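Any chance you can model this:
(3 chains)
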Amino acid sequence: MPELPEVETVRRGLEALVVGKTIESVTVTLGRIIRKPDDIEEFKLLLQGLTIEEVKRRGKYLLFSVGPYTLVSHLRMEGRYGLYNAEDEVEKHTHVIFHFTDGTELRYKDVRQFGTMDVLPRDDHSSLPGLYDLGPEPLEESFTVDALRHQVRKRRSGKIKALLLDQTFVAGLGNIYVDEVLFVSGIHPEANVTQLTDEQVVKLQRAIVDVLTHSVNLGGSSIKSYVNGYGSEGQMQHELRVYGHEGEPCPVCGTEIAKTRVAGRGTHFCPTCQPELG
DNA sequence: CGTGTCACCTGACAGC
DNA sequence: TGCTGTCAGGTGACAC
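Just a heads-up that it's a prediction; the model follows:
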């Protein structure tokens, strides 16, 4: 489900709702969500009695700082968090519950069961591939045109869309925002990275920063990024230019938005504003 | 190295 | 009312 803006929205909500709370116990009803440690009982035991001190984010990962550990949570397609009271009815697809000493509980729901949780030594992420492998964080100041050009020129081949989806290339972009970023940049999703001009790299860097920043400010796209029991919704879905708009006129030139498959993912673009290169 | 395909799951939806 | 196939905001394993 969520890409960087949605995960950041969830992070902010969690920060407000659970920082300072102490975990009394943990319930796990779907073992496959928990990856490290191997033993679910150990996972529960490690967290028991600890207080959540911080909620951070790296790429699409949520990082809870708890005592000597970091609880790493990835929502994958449909993971959601909600804060409830202990007496509230437990909804379908609830797989993990953190019971707090104040009578509230943080519940993790995940219809498709793809999400993961790992307990690692605090701020030592070296044991989790996918986390330590992450590319630059696009909303940090270090993500400059030079930084992106460096990433781009390292690659000897590959379609730009596949590259932007690669979390080791840039962290946090997913299928929605890659399509949006390429539209804003005027770059065809199948353009080969080696074809990109310096000017296009500049546009790409600016589009990544602008689109993500705008979306974070709107609380992310659509949806299901519930953090409280009531489901505060983002507003970015109303501002998507191409994603989900196949068959409709391009907001810039009026050409019909096309939908194809690139890098195995549904891909939306304007054939006029994003011409094929070479 | 790169790419495509499948797998992991459930649910929504289109078409018959 | 079914059934079947397809698709979904992600990622990792695998074969080529």
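
And A:Gly244, how far from DNA strand B?
13 Å (C-beta to the nearest atom of the strand, to the nearest Å). For glycine as for every other residue, the C-beta is placed from the backbone atoms N, C-alpha and C.

before we move on, what about A:Val184?
22 Å.

ok, that residue - contacts?
A:203, A:207, A:210-211, A:241 (C-beta atoms under 8 Å, 6 or more residues apart in numbering).

Separate out the buried members of those residues.
Among the contacts of A:Val184, those classed as buried by 16 or more other C-beta atoms under 10 Å are A:203, A:207, A:211, A:241.

Which positions within stretch A:143-150 qualify as buried?
A:143, A:147-149.

Considering the residues you listed, which is situated nearest to A:Gln113?
Nearest to A:Gln113 out of these is A:Phe143 (C-beta to C-beta; 32.8 Å).

and the closest one, backbone torsions?
Dihedral angles of A:Phe143 (phi, psi; degrees, to the nearest 10) stand at phi -80, psi 80.

What residues does it make contact with?
With C-beta under 8 Å, 6+ apart, A:Phe143 has these contacts: A:136-137, A:170, A:205, A:208-209.

quick one: which two of these are the most distant?
Largest pairwise distance in those, by C-beta to C-beta, is 13.4 Å, between A:Glu137 and A:Gln205.

more crowded one of the two?
Shown here are A:Glu137 and A:Gln205; by other C-beta atoms under 10 Å, A:Gln205 has more neighbours (23 against 16).

picking that back up, any chance of TSV for the contacts of A:Phe143, columns secondary structure, pLDDT and distance to A:Gly158?
As requested, the contacts of A:Phe143 are arranged in TSV below (DSSP: H, G, I helix; E, B strand; the rest coil; pLDDT from 0 to 100; distance: C-beta to C-beta, whole Å):
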residue	secondary structure	pLDDT	distance to A:Gly158
A:Pro136	coil	95	17
A:Glu137	coil	96	21
A:Val170	coil	96	13
A:Gln205	helix	97	18
A:Ile208	helix	97	17
A:Val209	helix	97	22
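
Cool, thanks, talk later.
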